[in-house]
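let's see this in three dimensions:
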Amino acid sequence: MPLIRLLAVCGLAASAVLPAAEEARWYKGNLHTHTYWSDGDDFPEMVADWYKSRGYDFLALSDHNIIADHDKWLKVHKSKTGAVALDKYLSRFGKAWVVARGEGEQKEVRLRTLAEIKPKLEESGRFLLIPSEEITDKNVHVNATNIRELILPDKSLDTTTSPQIIKALQHAFDAVHAQRVRTGVPMFAHLNHPNFKWAITAEELMQIDHEQFFEVYNGHPTVNNPGDELHAGTERVWDIVLAERLGHLGKPVMYGLATDDSHNYHTESPKASLSGRGWVMVKAKELSADALIAAMEKGDFYASTGVAFKALQVGAGRIALEVKAEAGVEYVIEFIGTRRGYDRKTVAVKAADGSEPRVTRKYSADVGAVLATVKGPKAEYVLKGDELYVRARVTSTKPMKSSPLGGEVEMAWTQPLVR
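Below is the predicted model:
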């Protein structure tokens, strides 16, 4: 006899006995963070504790060309913040946890591995640490989320020319993809801060295979998110890449992340690379790396520097959102997209001396056009049918708590809706 009928015969409501369908919820996380394992200035437990204590649900520790899985010792006196960091470390975790050797200028502290840190700080359904690495080759930086084995860049490449930059990027993305296929572990790579030292142009990024994520916002003060008179900002790069990949290159959608890229933990100077500036909100069924990655690969997340959503629906031909509005704060919601048949003409950017530097070309206003604007915390856009994609950007009047550039306001970005 079917279970539901049997329950009815027994006089029981099926809903009282059958488990409720698993519902997805929003999880807050940062996917780009540094520690003493590379060029950050604090112990990994201290960094993770900062995020956990401030309500983050997950964190990826992504140090340069290294995975925290082996013995590594920090010479305390060689770090500018070493003495201060050690005092804080001892105060928070105690002498029984801190492994040290030597005295004076010879004093060293062993950096705990991720395998040691996870049981100390993780809580099921509350806080998750995800293994990561920043695959770094000069100015070409690619993060690998949920990586299992170290991946090194191809140092034979000269990453000052476009063909070599494309090869360096493809090497990293191919290596992550190959590791995923071989191990069966869900993982993905994303491009970090394309405007850091003006490293990556839209034309280079749009060509990369196995690539669906990049940083539209990075909280480091030197990454040039807005661009300048010669260089396209990261949002402009996003629209160009989306239009070309979806309209002509036959490649998948590109999703936008916001990250901290934090390095500095003993100062509050906005000129430093601080925590808490950019994050992702992922709608997943559980707090696990597998569930988070599956959700992100479907575009079930948004990027933020402070704006939070009360409701968000992206799919079935519409984007509908409502901001968690704060008293005294105003909001502008813009729906941005590119329509099929857009003007593909481009113009080379010329420097003051007439030369043409290696920068993103200028594209027509058809690319990344503002299709609708709503003032207020709630809006909806229904696809007309000729859009390649549409995404939403929310801009508030609330200043960021720690703007690396000064004058920035809190924002949020939905992922592109593709017909």
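
where does the closest residue to Ala412 other than its chain neighbours sit: helix, strand or coil?
Setting aside the residues directly before and after it, Ala412 is nearest to Val307 in space (C-beta to C-beta, 6 or more residues apart in numbering), at 3.7 Å. (C-beta placed from N, C-alpha, C; glycine too.) Secondary structure, DSSP: H, G, I helix; E, B strand; the rest coil: Val307 is coil.

how much space between Val307 and Gly376?
Plainly put, Val307 is 13 Å away from Gly376 if you go by C-beta to C-beta, to the nearest Å.

can you name the next helix or strand after the strand of greatest length in the chain?
For the chain, the longest strand by residue count, based on DSSP state E, is strand 387-399. Counting by DSSP states H and E, the element after strand 387-399 in chain order, helix or strand, is strand 409-414.

name every strand pairing with that next one and say which way it goes.
strand 301-304 (antiparallel), strand 387-399 (antiparallel) (DSSP bridges).

and for that strand, what's in contact with it?
For strand 409-414, contacts defined as C-beta atoms under 8 Å, 6 or more residues apart in numbering pick out 216-217, 256, 258, 302-309, 312, 314, 319, 321, 323, 391-400.

whichever of these end up buried, select them in PyMOL.
Buried residues among the contacts of strand 409-414 (16 or more other C-beta atoms under 10 Å), as a PyMOL selection:
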select buried, resi 216+217+256+258+302+303+304+305+306+307+308+309+312+314+319+321+323+391+392+393+394+396+398+400
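
give me the three-state assignment for Ala115.
helix.

quick one, grab the pLDDT at it.
According to the prediction, Ala115 has pLDDT 98.

excluding its backbone neighbours, what's nearest it?
Asp69 (6.9 Å).

the one you found touches Arg112, doesn't it?
No - contact status for Asp69 versus Arg112: not in contact, 11.0 Å apart, counting by C-beta atoms under 8 Å.

more neighbours: these two, which one.
Counted by other C-beta atoms under 10 Å, Asp69 and Arg112 do not tie: Arg112 has more neighbours, with 20 against 13.

what sits against that one?
Taking C-beta under 8 Å, 6+ apart as the contact definition, Arg112 lies against 43-45, 68, 99, 120.

go with 10 Å
37, 43-45, 68, 72, 93, 97-99, 118, 120 (C-beta atoms under 10 Å, 6 or more residues apart in numbering).

next: Thr234.
193-195, 202, 214-218, 223-227, 256.

give me the most central residue, the chain.
Nearest residue to the geometric centre of the chain (C-alpha atoms, centre = their mean): Leu257, 3.7 Å.

helix or strand: which one has the closest residue to that residue other than its chain neighbours?
Once flanking residues are discounted, Leu257 sits nearest to Glu215: 5.1 Å by C-beta to C-beta, 6+ apart. Glu215 belongs to strand 213-218 when assigned by DSSP H and E.

what's the angle from that strand to strand 409-414?
Put simply, strand 213-218 runs at 160 degrees to strand 409-414, going by axes from the mean of the first three to the mean of the last three C-alpha atoms, to 10 degrees.

helix or strand right after strand 213-218?
Counting by DSSP H and E, the element after strand 213-218 in chain order, helix or strand, is helix 234-244.

C-alpha coordinates for that next one, CSV please?
Extracted C-alpha coordinates of helix 234-244, given in CSV (Å, rounded to 0.1, in the frame of the first residue of the first chain):
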residue,chain,number,x,y,z
THR,A,234,35.3,45.8,-14.4
GLU,A,235,31.6,46.3,-14.9
ARG,A,236,32.2,47.4,-18.5
VAL,A,237,34.5,44.4,-19.0
TRP,A,238,31.7,42.2,-17.7
ASP,A,239,29.2,43.5,-20.3
ILE,A,240,31.6,43.3,-23.2
VAL,A,241,32.6,39.7,-22.3
LEU,A,242,28.9,38.7,-21.8
ALA,A,243,27.8,40.2,-25.2
GLU,A,244,30.6,38.6,-27.1
